[in-house]
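> got a structure for you, letters missing:
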């Protein structure tokens, strides 16, 4: 089941490993990996969502996030039940009360899908680790790529 707190932890861990700045919107103009994070970082919490709404670039990123969340539901590779649950939860929480036009962005589209997939895989790995016990894989050493 989708858990917003786990999603926030995933976003914050990713951010901590990637960049030290608090201004993801500015940094995202120069760094595609930060852009990939920033697309979904606006969905961290209501305060961050409202901050993104107040910026032209932030609104664009929220539009891309909405497009990705809508499209991933029918994606051949990434449209798993876990991903659909994440997408539906985020769409309902952030986009049901505010109208944001979906924005198509082909530059990193596959990377955006993979980003959400990384979140659900991390959760599955943690479950596997609990079930199996001694799993020799350190997720903090994995690099998220587009």
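Thanks, I have the structure now. Just so it is clear, the model here is predicted, and its values are computed rather than measured.
> Please count neighbours and contacts with C-alpha atoms only from this point.
OK.
> Can you tell me the closest non-neighbouring residue to residue 45?
Of all residues beyond its chain neighbours, the one nearest residue 45 is residue 8 (7.8 Å), with distances taken as Cα to Cα, 6 or more residues apart in numbering.
> Tell me the helices and strands packed up against the host helix or strand of the one you found.
Here residue 8 sits within helix 4-18, counting by DSSP states H and E. Packing partners of helix 4-18 (3 or more Cα pairs under 8 Å, 6 or more residues apart in numbering; DSSP states H and E): helix 32-41.
> that older thread, kindly give the local confidence score, pLDDT, for the residue nearest to residue 45.
Residue 8 is assigned a predicted lDDT (pLDDT) of 93.
> these two touch, right, it and residue 46?
No. Counting by Cα atoms under 8 Å, residue 8 does not reach residue 46; the two are 11.6 Å apart.
> Comparing the two, which residue is more hemmed in?
Neighbour totals were compared for residue 8 and residue 46, and residue 8 leads with 15 against 12 (other Cα atoms under 10 Å).
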